[in-house]
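# What follows is a predicted protein model with its sequence.
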There are 2 protein chains.
Amino acid sequence: MGQPLKTNRPLSLGLFGFGAFGQLVARELADHFEITVCDPAYVGAVLEDGRAFTVRDLQETAQADIIVLAVPVARMAHTCEQIAPHLRKGALVIDVGSVKLAPMKAMADHLPDHVHILGSHPLFGPQSAADGLKGRKIALCPLRGHRSRITERFLRQIGLTVVVSTAEAHDRDAAMVQGLTHLIAKVLHDLGPLPDQMTTVSFDLLRQAISMVKDDPPTVLHAIEAANPYAADVRASFFKRADKIRAQFEAA
Amino acid sequence: MGQPLKTNRPLSLGLFGFGAFGQLVARELADHFEITVCDPAYVGAVLEDGRAFTVRDLQETAQADIIVLAVPVARMAHTCEQIAPHLRKGALVIDVGSVKLAPMKAMADHLPDHVHILGSHPLFGPQSAADGLKGRKIALCPLRGHRSRITERFLRQIGLTVVVSTAEAHDRDAAMVQGLTHLIAKVLHDLGPLPDQMTTVSFDLLRQAISMVKDDPPTVLHAIEAANPYAADVRASFFKRADKIRAQFEAA
């Protein structure tokens, strides 16, 4: 887990959203920050291991040193509007959405000039980070203010590989990376049950890949398939190529 | 690698075919058997590490205690016809083809009654077994004679996981396992270059899976895509499901 940030007091972190990914944030950052949770869907904020976090209303949670927005991409603009009046000067606001153009536009449009803004996409989830963060990747897209460097350093310290990017470059790559994985997972899902004994190493890898994404919640699918402006093009390319291969087989 | 078989003298092994898989057989079994190679495409039989094997003509090679047929599936019947008159009584003949119905029919049709016959499909290749056989799988389909049990024991001894099956059950599973892996690899190949930095764990597994099969030789592709009687059905299901998903996206 690395060392906690060296400050006189632990920095406060306001976590908006206590869904699957919000819980992962709480689990991994509990040793480093004083975390407060705001999520109207949860009465308490308790992890599977029993650790409980302080729950506060939106106004109080928004006054932390660091704000993490672990809300669905579709809720980002609304959340930014709501928290904007309560944010401290110099606070750092970070989102964790699976796309970056739309959430970062929402943050740029609705958050006040006096906060630092950083877009992030943790390229892992509850399944792939079940054993911790070591070696997992996170994309960072700096947007406003100078606190992205210290954030990057901290993320490396807790074991992450940081990939710095623009929102556009991120979304182009993510459209392939996540779009193709989910598309293939969907196609294979209904062919199942897939063999699990008489398998090659490559097929086992394929099965492992699709098992990691098959339980992704609808909000993540929406981000990957609809909120990413490049997703439709990637799908079109995939189906075009599949058609070409089918034609080759039919001609053979 | 386990212990060599305990016999008074090492058993002789006649290896037909010194292509990529034949070389893997030679590399892994050199400590256990006295290997002789027959492959008209090779003047000598030398591994990358410099180890050389005795090369003999078909007639001499066919007189070994164990015969391994590492020839293309399409050459199996012809090879069986050619070696049949020279096989010793009680010899064990094993093939290593990626399908089992056709090669085992060829062996049943053309090999004499006085030999033991075993169909096998090593579910690995030069890439997936680059670091050795430990944990790799092999399908075994006993056909004639009682020497399958001792073979199975030996294969476990050298680190393999043995999956015993019928030729039909094998081919049904292999149609999905290898057919789908290759189909997906083909579809993704032309979409490339795929992102390699901004990647999720599941996408890295997907890339690793397709990189393992992308260099498979045409003879292996033929076995998987044409010689497997269930391959066309698996492809049809894949494309049908892909069409359904495309329609869902287009309607959304």
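Alright, I've got the coordinates. Numbers count the residues shown, from 1 in each chain, chains lettered A, B, ... in the order given.

# dump the residue contacts of the closest residue in space to residue A:217 that isn't next to it in sequence.
Using CB to CB, 6 or more residues apart in numbering or on different chains and skipping the chain neighbours, the partner closest in space to residue A:217 is residue A:20 (6.5 Å). Every C-beta, even on glycine, is put in place using the N, C-alpha and C of the backbone. Going by CB atoms under 8 Å, 6 or more residues apart in numbering or on different chains, residue A:20 touches A:125, A:126, A:217.

# so residue A:14 sits in a strand?
Yes: judged by DSSP: H, G, I helix; E, B strand; the rest coil, residue A:14 forms part of a strand.

# Surely it and residue A:67 touch.
Yes: using CB atoms under 8 Å, residue A:14 makes contact with residue A:67 at a distance of 4.8 Å.

# Return every residue with contacts to both of these two.
residue A:61.

# how near is the residue nearest to residue A:217 to residue A:220?
For residue A:20, the distance to residue A:220 equals 9 Å [CB to CB, to the nearest Å].

# which residues are in contact with stretch A:59-68?
Here stretch A:59-68 makes contact (CB under 8 Å, 6+ apart) with A:11-16, A:22, A:25, A:33, A:36-38, A:83, A:86-88, A:91-96.

# Find residues that contact each of residue A:20 and residue A:220.
Residues touching both residue A:20 and residue A:220 (CB under 8 Å, 6+ apart): residue A:125.

# residue contacts, residue A:14?
Residue A:14 neighbours (CB under 8 Å, 6+ apart): A:36, A:38, A:56, A:61, A:62, A:63, A:64, A:66, A:67, A:68.

# Give me the three-state assignment for the residue nearest to it when sequence neighbours are not counted.
Among residues not flanking residue A:14 along the chain, residue A:64 sits closest, at 3.4 Å (CB to CB, 6+ apart). At residue A:64 the chain is in coil, as set by three-state DSSP.

# Looking at the residue nearest to residue A:217 now. What's its pLDDT?
pLDDT for residue A:20: 93.

# contacting residues around the worst-scoring helix or strand of chain A on mean pLDDT?
Within chain A, confidence by mean pLDDT, DSSP states H and E is lowest for helix A:218-222 among all helices and strands, at a mean of 90. Applying CB under 8 Å, 6+ apart, the set of residues contacting helix A:218-222 from outside is A:19, A:72, A:73, A:74, A:98, A:125, A:182.

# could I get the residues you listed as a markdown table with neighbour count and secondary structure?
Output for the contacts of helix A:218-222, formatted as a markdown table (neighbours: other CB atoms under 10 Å in any protein chain shown; DSSP: H, G, I helix; E, B strand; the rest coil):
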| residue | neighbour count | secondary structure |
| --- | --- | --- |
| A:19 | 17 | coil |
| A:72 | 21 | coil |
| A:73 | 24 | helix |
| A:74 | 16 | helix |
| A:98 | 29 | coil |
| A:125 | 22 | coil |
| A:182 | 21 | helix |
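
# one step back: which one among the contacts of residue A:14 gets closest to chain B?
Using CB to the nearest CB, residue A:68 comes nearest to chain B of the contacts of residue A:14, at 19.8 Å.

# which SSE is residue A:179 in?
Element membership for residue A:179, per DSSP states H and E: helix A:167-189.

# ditto for residue A:117
Residue A:117 belongs to strand A:116-122 when assigned by DSSP H and E.

# What residues of the helix or strand just after that strand count as buried?
Counting by DSSP H and E, the element after strand A:116-122 in chain order, helix or strand, is strand A:137-144. For strand A:137-144, a neighbour-count test (16 or more other CB atoms under 10 Å in any protein chain shown) marks A:137, A:138, A:139, A:140, A:141, A:142, A:143, A:144 as buried.

# Any chance you could list what contacts strand A:137-144?
By CB under 8 Å, 6+ apart, the residues outside strand A:137-144 that reach it are A:100, A:104, A:107-108, A:113, A:115-124, A:148, A:151-152, A:155, A:160-167, A:170, A:174, B:198-200.

# Can you list the buried residues in the helix or strand following that strand?
Counting by DSSP H and E, the next helix or strand C-terminal to strand A:137-144 is helix A:148-157. For helix A:148-157, the neighbour count (16+ other CB under 10 Å) marks A:148, A:151, A:152, A:154, A:155 as buried.

# Just to check, the second one is in contact with residue A:119?
No: at 11.2 Å, residue A:151 does not count as touching residue A:119 under the criterion of CB under 8 Å.

# give me the number of residues near residue A:244?
Residue A:244: 12 surrounding residues under other CB atoms under 10 Å in any protein chain shown.

# Then residue A:114?
Residue A:114 has 12 neighbouring residues, counting by other CB under 10 Å.
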